[in-house]
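> Return a 3D structure for these sequence lines:
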Amino acid sequence: MVDLLISASNRGAHVSVFIATNRASNSERRFYQGMVIVVIAMIALGFARSFILRPLFPGVHAPKELFFYLHGIVFTLWLALLFTQVSLVGAGNIALHRRLGVAGFVLLPLMFVVGAIGGVIAAHRPGGFIDIATPPLEFLVVPYADLVVFSGFAAAALLLRTRPQAHKRLMLLAAIAISEVGIARWPFEPYVSVPAAAMWTTAALVVPLLIWDFYSRRNIHPATAIGALVLVAEGPVRDAISHTGWWLAFAKWATSFVA
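Numbers count the residues shown, from 1 in each chain. So this is what the prediction gives:
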């Protein structure tokens with residue numbers, strides 16, 4: 001009788017642990033799905049008038065070079081892949097998630113090349129970056145810094161794909177890193193007249209991840225800590241180097257390749 005009671009108790013304990021683990025897993029999936037949707041929506045809001053819904057806003061300033069359609073398509077494919085991947089995890093289809101993840105190894109270097117070329121095309125343009133008063137060679141540091149930070153996070157995420165907790169945080173951080181380019185195009189204040197607002201809004205997107213870490217693990221995951229430090233430091237660092245002689249020399253050299 002005692003053995004039966006112990007056995008029943010053990011089974012009950014296992015069921016309780018299973019339920020608790022399942023609930024935690026579901027909460028985690030909802031968190032990452034929600035964050036990815038929010039980041040994509042923020043980027044889409046910024047590019048709605050100049051790319052996604054451009055025919056509806058003919059008066060909005062937008063790049064005339066055809067290359068930027070390719071640029072937009074490539075980056076949209078990355079965001080679509082990110083949404084698909086987080087949705088597959090949410091649906092429990094891990095096998096397809098892993099197979100589809102191979103596309104990331106193709107898209108990431110393509111994004112880096114396309115982003116780098118797009119930056120020099122814009123900087124070489126007679127009027128410089130559209131609606132940006134900062135001299136183009138100085139401002140080139142902004143998209144290039146975003147590209148380096150994004151690529152670093154995304155590459156680390158792909159390399160650490162067998163470590164899910166680090167992988168998912170790094171993928172989210174990569175998405176956050178490129179969100180600034182969309183946030184900077186929001187057509188309302190303070191984003192119209194205060195350029196730094198986009199930078200700090202981007203950095204603030206790490207706050208929900210910090211809160212999630214405290215809630216789910218009672219400490220900050222190393223990937224989150226590194227990501228927060230990088231995103232907060234990126235703006236001041238790039239502003240500091242944008243006026244330096246070596247940066248301006250590099251920017252002039254890079255733009256010299258554009259006809």
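
> Sticking with the residue nearest in space to the middle of the chain, tell me its helix or strand.
In the chain, the centroid-proximal residue (Cα atoms, centre = their mean) is Ala175; its distance is 1.2 Å. Assigning secondary structure by DSSP states H and E places Ala175 in helix 164-183.

> buried set for that helix?
165-183 (16 or more other Cβ atoms under 10 Å). Just so you know, the C-beta spots here come from the backbone N, C-alpha and C atoms, and that holds for glycine as well.

> Then stretch 82-93?
82-83, 85-86, 88-90.

> can you dump the C-alpha coordinates of that stretch into CSV?
The C-alpha coordinates for stretch 82-93 follow below in CSV (Å, rounded to 0.1, in the frame of the first residue of the first chain):
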residue,chain,number,x,y,z
LEU,A,82,12.7,35.4,-39.1
PHE,A,83,8.9,35.5,-38.8
THR,A,84,8.5,32.1,-40.4
GLN,A,85,11.2,30.6,-38.1
VAL,A,86,9.7,31.9,-34.9
SER,A,87,6.3,30.8,-36.0
LEU,A,88,7.6,27.2,-36.7
VAL,A,89,9.0,27.1,-33.2
GLY,A,90,5.7,28.4,-31.8
ALA,A,91,4.0,25.6,-33.7
GLY,A,92,6.4,23.0,-32.4
ASN,A,93,7.8,22.2,-35.8
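
> residues in contact with it?
By Cβ atoms under 8 Å, 6 or more residues apart in numbering, the residues outside stretch 82-93 that reach it are 29-30, 32-33, 36-37, 40, 94, 96-97, 100-101, 168, 171, 175.

> Give the residue spans of the chain that score low on pLDDT.
Low-confidence segments of the chain (pLDDT under 70): 1-24.

> Which parts of it are helices?
Ranges of helices in the chain, per DSSP state H, are 2-47, 67-90, 94-100, 102-124, 136-139, 141-159, 164-183, 196-204, 207-217, 222-241, 245-255.

> Out of the ones you listed, which is the most enclosed?
helix 164-183 (a mean of 23; mean count of other Cβ atoms under 10 Å).
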